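Colleague: sequence and predicted structure, then a few things I'm wondering about:
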Amino acid sequence: MTSYLRTLSVLLIGLPLVNSCSDNPPQHARLWEQTIVNAREAYGKGEYSRARDLSKEAVKEARILGHDDFRLIGSLLTHGDCCLEEEKYPLALESFTQAIAVLDNQKTSLNLLNRFQVCAAWYGAGLAHRALGHANDSRDCFIEAVAQCEALRSLPMAARPESVVGDQWVGSLLALSQISRDNKQYEQSHKYLEESHKVASKGFVSSKLNAVFNQVGQNTDETAIRIHQLNQQAESEYQEGRLKESVEIYGQILKLQEKKFGPDDPALLGTLRQIAIYLSFQGKTSESLRNWLLIEEIQKKNFDDPGTQMESQSSIAEELMTLKRHVEAERRYDALVELHKNVSKTEKQLLEYSQVLLCASRNCAALDKLDKAIRLQQQCVDIRAKAFSPEDPRVLDPMQFLASLYMRAQQFSKAERLLRTCIRYYPDTSLPRRVCLRQLATLLSMKNDFAQAESVANQSLLAEEIAFGDDDPRLAVPLSRLVLCEIALKKFREADRNLKRVITISSHTLVDSALLAQAYLHLCQIHASDDPAVADSYFKKSLLAGEMAVVDRTRNAADHKNDVEVLLGITARYAEFLSRTNKRQEAAIIVQRLHFYTEKYKQKFANAVPPKGQHP
């Protein structure tokens, strides 16, 4: 009985588990892990006898560890599988029955993997009973397996259970169809068969079971088999990276499912979800949103539990935010936050809740609702801090965003504390740490604490140099940030050297003209009193770079507005400098240019024009 469930068990087995059983000898955890991996490898090669012996040893090691968790259950299921393949049905039944007993003892604390294991255990027990001729027990086990599979549909975290427990679900339904037919219950047999087609059309079954499924005989539903084949093709296209082709195939599946089940049947949910996700991957946000809204509509018509709509609600809100429909997204996120408050109890649910809080906070920030954004983000940080260590990026990343919110709200002390925490824990040369250094240098400058700002700006520059080298154009911004601190501290020699470095490294490639214009302007300030001729040449270069920035079509609206402000400021200062150095004719020409710029841009950027009286 090969299935994706067993593969999933083995993958999870590979996780480091010693810490979870620290009271037990760690060698037993390592021995169990290696034994079960070897057992699954032997099973995959068809070496069932060896696999059975190894899985029996794995059961012993799991019991020594003293935990009735998925390790013991996975070992029992593997042993049962091997016994089925060797036709040792009493032993198989014993293993599956023990697995069911262990799972039954954990009813109140079953995680998602355990729920998949429940399906496998009941299905395996049904196969063993059937092989031993226990007709009634076999039927009861298959009925329970189907019930457990159907129960997965109500779990938000199990968005597409057919893809994981397809073998158990379809296999149980086919077995029940056969049992009913043997008992001459033909109507019931047909119902089970129809349901098996329905499940198979939404998920994936192994090639072994697929062969059985395709040989059902005169009752075979050609539409269901076609849907199943298309599912396999769509998944294959996705694995090859052909998202567009995969979406087109899922579109064919959707049409067949609508014709077979109707437009509002839950059978459509899995297909609509795949289409929505793959469209989002392609950047087709509006089309993805339409599919998520259809999913939400079908869920409302078929399920009373609002928890089943968590994924679709979250995805709808996310797509709305991407489309900058922030007011609509806010309503969605508010509803999601309230829903999670009532249902999020386990660690996994709380982490999902924290992700909703994170997205809701970002959306509120886009609406400039900073108080609400800060409150939501603080809740996210609190949840993550309890679940992970201080240096975990899942704690630091939302903490860094919270700091940026505090900066926008001008709550500098809180922002500084968070940024220094992030800087302490992020790896030295990592991008997030470099971003935090930039933010902290800016924050300290905003507080007029230029001495500390200079120190942090130097750290930021050093980190960027390590990341990019000494002459990379990306150093222009951290250098300019450092220069502002040096000018404020009257360290003009250091500022002059760093400004010339900005200009030098920027000349090697296409550069931000506005940044270059400001670099030249700072040099003008430094040399205006001691060397007017040099200052005049820098003013001319600054004015030229400022004009280039304004006509740059690649700049967005916010940057363009800032560029206009920079250009007007340069022009006004140049006119004032020329007047002060008794170059009145040249000053008059620059004043005319200033008025020209003012008239040209005052309609488009009214706020960018300097107030009257500021012109020389």
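Modeller: Nice, I can see it.

Colleague: which SSE is residue 543 in?
Modeller: Secondary structure from DSSP states H and E places residue 543 in helix 532-550.

Colleague: cool, residue 184 as well?
Modeller: If you go by DSSP H and E, residue 184 is not part of any helix or strand.

Colleague: what about it, neighbour count?
Modeller: Other residues within reach of residue 184 by the criterion other CB atoms under 10 Å amount to 8. To be clear about C-beta, it is placed using only N, CA and C from the backbone, and glycine gets the same treatment.

Colleague: who touches it in this structure?
Modeller: Taking CB atoms under 8 Å, 6 or more residues apart in numbering as the contact definition, residue 184 lies against nothing.

Colleague: okay, it: pLDDT?
Modeller: The confidence metric pLDDT takes the value 71 at residue 184.

Colleague: so how far is residue 143 from it?
Modeller: As judged by CB to CB, to the nearest Å, residue 184 and residue 143 stand 18 Å apart.

Colleague: same check on residue 49?
Modeller: As it turns out, when the distance is counted by CB to CB, residue 49 lies 32 Å from residue 143.

Colleague: now swap in residue 534 and tell me
Modeller: Distance of residue 534 to residue 143, computed by CB to CB: 91 Å.

Colleague: sorry, back to before: between residue 49 and residue 143, who's got more neighbours?
Modeller: Looking at residue 49 and residue 143 with other CB under 10 Å, you find the greater number of neighbours at residue 143, namely 17 against 12.

Colleague: name the element the residue nearest the centre of the chain belongs to?
Modeller: Note on the chain: the residue nearest the mean C-alpha position is residue 355, at 8.9 Å, using CA atoms, centre = their mean. Using DSSP H and E, the secondary-structure element containing residue 355 is helix 347-366.

Colleague: give me the contacts around that helix.
Modeller: 111-112, 156-157, 310, 314, 317-318, 321, 324, 326, 329-330, 333-334, 336-337, 340-341, 343-344, 370, 372-374, 376-377, 379-380, 383-384, 387, 398, 401, 405, 408.

Colleague: with stretch 371-383 instead?
Modeller: Contacts to stretch 371-383, defined as CB under 8 Å, 6+ apart, come from residues 337, 350-351, 353-355, 357-358, 360-362, 364-365, 395, 398-399, 401-402, 405-406, 409.

Colleague: what's around residue 327, how many residues?
Modeller: 10.

Colleague: which of the contacts of helix 347-366 fall within helices?
Modeller: Members of the contacts of helix 347-366 lying in helices (criterion: DSSP state H): 112, 310, 314, 317-318, 321, 326, 329-330, 333-334, 336-337, 340-341, 343, 370, 372-374, 376-377, 379-380, 383-384, 387, 398, 401, 405, 408.

Colleague: which among those count as buried?
Modeller: Of all those considered here, the ones buried according to neighbour count by 16 or more other CB atoms under 10 Å are 112, 310, 314, 317-318, 321, 326, 329-330, 333-334, 336, 340, 370, 372-374, 376-377, 379-380, 383-384, 398, 401, 405.

Colleague: what residues are up against residue 54?
Modeller: When contacts are counted by CB under 8 Å, 6+ apart, residue 54 is found next to 35, 36, 38, 39, 42.

Colleague: state the distance from the second one to residue 101.
Modeller: Note on residue 36: its distance to residue 101, by CB to CB, is 20 Å.

Colleague: give me the more crowded residue out of those two.
Modeller: Neighbour comparison, residue 36 and residue 101: the larger count goes to residue 36, with 25 against 12 (by other CB under 10 Å).

Colleague: element containing residue 297?
Modeller: Assigned by DSSP H and E, residue 297 falls within helix 285-302.

Colleague: so where's the stretch 401-550 of the chain uncertain?
Modeller: Residues of the stretch 401-550 of the chain meeting the criterion pLDDT under 70: 507-512.

Colleague: the helices in it, which residues?
Modeller: With helices called from DSSP state H, counting those that start in this stretch, the stretch 401-550 of the chain shows them at 412-425, 431-446, 450-468, 476-488, 492-506, 513-527, 532-550.

Colleague: likewise the stretch 51-200 of the chain?
Modeller: Remark: helices assigned in the stretch 51-200 of the chain by DSSP H, counting those that start in this stretch are 70-85, 89-105, 112-131, 135-151, 166-182, 186-200.

Colleague: got the angle for the longest one vs helix 347-366?
Modeller: Per axes from the mean of the first three to the mean of the last three CA atoms, to 10 degrees, the angle that helix 112-131 makes with helix 347-366 is 140 degrees.

Colleague: noted, bye for now.
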